[in-house]
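*Asks:* no letters, just coordinates:
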């Protein structure tokens, strides 16, 4: 393909010119750690009771962002993070899909990375970096579309799951593990979170032994996405700690957030959408305790592995000049119904080779996103605001460490930041990067990096952020307008009180949507689309057999 051939030649020429340079040794290694479906308050350093000492130490030695935003869902986030563009620009306006089978719409909804973009790996490899990835890809999964797989999109090495969800213990059912471009087996001791970390450490060591060029690692854990396959020891550590329900958990997290100074001022928490805990039967409360304990155990395992990775970087002398960016792809996941799915028996005896299993559901997800409204799928703060931790011993001044970055940022900023810090060249034959470099914020500058509006859309959920104002809507409901500086949890809708500002921002969003190819204002429900498609295909087969 011309686009891929051009990119390969660009990378080769750039590598020949950059690799021998002494300056390349001074550029930071870059590690992006992305977790899956983690709530805003699920880390200890963001208010949680879940034990995350290793991740908390990254925050203590680095910076915590309080207004960094994702794209509200798994693969749109990955598409935007990897390319510096909006997901619609790169072919993933909704979710992934096989070639020639877009999810309801054409163009921006083809379902895999298109050729009209460059990935972080392509750009950084062109600047002389080793490019390494382990974990969840989810921006091109079909075997017939290997040009959208990691090795074909700039990564030197890859090990992980191409699909959106896997079984942590025994992947299977078309959701297996890929090494390079080949499907590989797993043994009985295999566990996804451990395996992705171990392979990442192996890749880093191999790069360090090969030469002194810096490396880029994209470590994309599938945890804590369903099925919540926690190890027994991690699960039992939390079993019984949630018997009091979501009310006490949320209150404790809000108190800790105030103690930490997480928000610049006091915030009023959004209303919880679950039933009163005391209205549930004891058996149901016991089941829900088990569900949340499994979730906490999966996150605890992630923290253990982050600690293992940090120790490895220390051992090989790469820790000091490595920028680590840790974040979640969206808010906690409400999929699984209001009260989730599964319980103690399913945690202890998980179905294997399938993604059927434990899910936390809406009520726990709502609590995990404390103090915000909504959850995964939506672009209210509970869906689209992510914890982001930046840690870089050589690059973040000692006096800034442990502090907060309160300026607005979003996923396309990763590309701009990597281009900036790696002295890389962003290609001229693709749309310009939509982001701004985070480097000034890492260096202690507290001025906004975004002065123009930034935009979101997923499944008909839409938003604009412009200074203190946020315009947001849920599916096809009326637009809501909030002064985020005064109302961080989106409780006081000013759309009627500020019609001029509302209309101005609506016009900006519609102009962006038309330019970007967004199909609006139609709501798109992927699950309903796939069910209707399967029903139509079944009816067609039955009609053909009858004739």
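*Replies:* Great, that's in hand. These numbers come from a predicted model, not from an experiment. Numbers count the residues shown, from 1 in each chain.

*Asks:* quick check: closest non-adjacent residue to the residue nearest the centre of the chain.
*Replies:* Centroid check for the chain by Cα atoms, centre = their mean gives residue 329 as the closest residue, at 1.4 Å. In space, and not counting its chain neighbours, residue 329 is closest to residue 77: 4.1 Å by Cβ to Cβ, 6 or more residues apart in numbering. (C-beta placed from N, C-alpha, C; glycine too.)

*Asks:* OK, contacts around the one you found?
*Replies:* Neighbour list for residue 77: 34, 70-71, 87, 329-330, 411 [criterion: Cβ atoms under 8 Å, 6 or more residues apart in numbering].

*Asks:* nearest to residue 510, of the residues you listed?
*Replies:* residue 87 (18.0 Å; Cβ to Cβ).

*Asks:* do you know how far the closest one is from residue 77?
*Replies:* Shown here: residue 87 relative to residue 77, a distance of 8 Å by Cβ to Cβ, to the nearest Å.

*Asks:* need the contact list for the residue lying closest to residue 270 once chain neighbours are set aside.
*Replies:* Leaving aside its sequence neighbours, residue 270 sits nearest to residue 373 (Cβ to Cβ, 6+ apart; 4.2 Å). Neighbouring residues of residue 373 by Cβ under 8 Å, 6+ apart: 270, 380-382, 489-491.

*Asks:* now swap in residue 361 and tell me
*Replies:* 291, 334-341.

*Asks:* which residues touch the nearest residue to it once chain neighbours are set aside?
*Replies:* Nearest non-adjacent residue to residue 361, counting by Cβ to Cβ, 6+ apart: residue 340, 2.9 Å away. Residues in contact with residue 340 (Cβ under 8 Å, 6+ apart) are 288, 291, 358-364.

*Asks:* of those residues - the most surrounded one?
*Replies:* When neighbours are counted by other Cβ atoms under 10 Å, residue 360 leads the contacts of residue 340 with 31 neighbours.

*Asks:* sorry, back to before: in TSV: the contacts of residue 340, plus distance to residue 96.
*Replies:* Formatted as TSV, the contacts of residue 340 follow (distance: Cβ to Cβ, whole Å):
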residue	distance to residue 96
288	31
291	27
358	24
359	20
360	23
361	24
362	24
363	28
364	26
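
*Asks:* name the residues that touch stretch 264-282?
*Replies:* Contacts of stretch 264-282 (Cβ under 8 Å, 6+ apart): 66, 244-247, 250, 254, 258, 285, 288, 338-339, 362-364, 366-367, 370-373, 382, 406, 488-491.

*Asks:* and the buried ones among those, selectable in ChimeraX?
*Replies:* Buried members of those, defined by 16 or more other Cβ atoms under 10 Å, are picked up in ChimeraX with:
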select :66,245,246,250,254,285,288,339,362,363,364,366,367,370,371,372,373,382,488,489,490
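
*Asks:* restricted to strands, list the contacts of stretch 264-282.
*Replies:* Residues from the contacts of stretch 264-282 lying in strands, with DSSP state E as the criterion: residue 66.

*Asks:* what about residue 503, neighbour count?
*Replies:* Applying other Cβ under 10 Å, we find 14 residues neighbouring residue 503.

*Asks:* got it, and residue 262?
*Replies:* With other Cβ under 10 Å as criterion, residue 262 counts 22.

*Asks:* now do the contacts for it.
*Replies:* Shown in contact with residue 262 (Cβ under 8 Å, 6+ apart): 46-47, 64, 66, 404.

*Asks:* over to residue 166?
*Replies:* Applying Cβ under 8 Å, 6+ apart, the residues near residue 166 are 136, 175-177, 192, 222, 355.

*Asks:* ok, now how distant is it from residue 103?
*Replies:* Counting by Cβ to Cβ, the gap from residue 166 to residue 103 is 21 Å.

*Asks:* returning to that earlier point: next, give me the two most distant ones among the contacts of residue 77.
*Replies:* Counting by Cβ to Cβ, the most remote pair of those is 34 and 87, 14.8 Å apart.

*Asks:* comparing those two, which residue is more hemmed in?
*Replies:* Using other Cβ under 10 Å, the more surrounded residue of residue 34 and residue 87 is residue 87, with 31 against 22.

*Asks:* quick check: closest non-adjacent residue to that one.
*Replies:* residue 76 (3.8 Å).

*Asks:* right, and the helix or strand after the helix or strand containing that neighbour?
*Replies:* Residue 76 belongs to helix 74-83 when assigned by DSSP states H and E. Scanning forward in sequence from helix 74-83 by DSSP H and E, the next helix or strand is helix 120-126.

*Asks:* for that next one, buried residues please.
*Replies:* For helix 120-126, by 16+ other Cβ under 10 Å, it's 120-126.

*Asks:* and it, how far out from the chain middle?
*Replies:* Here the centre of helix 120-126 is set off from its chain's centre by 20 Å, with Cα atoms, centre = their mean, to the nearest Å.

*Asks:* sheet partners, orientation included, of the helix or strand just after it?
*Replies:* Of the helices and strands lying after helix 120-126 in sequence (DSSP H and E), the nearest is strand 130-136. Here strand 130-136 has these sheet partners by DSSP bridges: strand 157-161 (parallel), strand 215-220 (parallel).

*Asks:* just want the angle from strand 130-136 to helix 74-83.
*Replies:* 170 degrees (axes from the mean of the first three to the mean of the last three Cα atoms, to 10 degrees).

*Asks:* sorry, back to before: ok, the contacts of residue 262 vs residue 479, which is closest?
*Replies:* Using Cβ to Cβ, residue 66 is the member of those that lies nearest residue 479, at 24.5 Å.

*Asks:* tell me if I'm right that that closest one and residue 261 touch.
*Replies:* No. Counting by Cβ atoms under 8 Å, residue 66 stays clear of residue 261, with 9.9 Å between them.

*Asks:* joint contacts of these two?
*Replies:* By Cβ under 8 Å, 6+ apart, the residues touching both residue 66 and residue 261 are residue 404.

*Asks:* give me the number of residues near the residue nearest to residue 494 when sequence neighbours are not counted?
*Replies:* The shortest distance from residue 494 to any non-neighbouring residue, by Cβ to Cβ, 6+ apart, is to residue 481 (4.7 Å). The number of residues packed near residue 481 is 24, by other Cβ under 10 Å.

*Asks:* other SSEs contacting the helix or strand encompassing residue 481?
*Replies:* For residue 481, the host element (DSSP H and E) is strand 480-483. If contacts are counted by 3 or more Cβ pairs under 8 Å, 6 or more residues apart in numbering; DSSP states H and E, strand 480-483 sits against strand 469-473, helix 499-516.

*Asks:* one more pass at 7 Å, please.
*Replies:* If contacts are counted by 3 or more Cβ pairs under 7 Å, 6 or more residues apart in numbering; DSSP states H and E, strand 480-483 sits against strand 469-473.

*Asks:* need the longest helix for this protein.
*Replies:* Scanning the chain for the helix with the most residues, using DSSP state H, yields helix 282-315.

*Asks:* sheet-wise, list the partners of the very next helix or strand once past it with their directions.
*Replies:* Using DSSP H and E, the next helix or strand after helix 282-315 towards the C-terminus is strand 322-328. Under the criterion DSSP bridges, strand 322-328 sits next to strand 29-35 (parallel), strand 385-391 (antiparallel) in its sheet.
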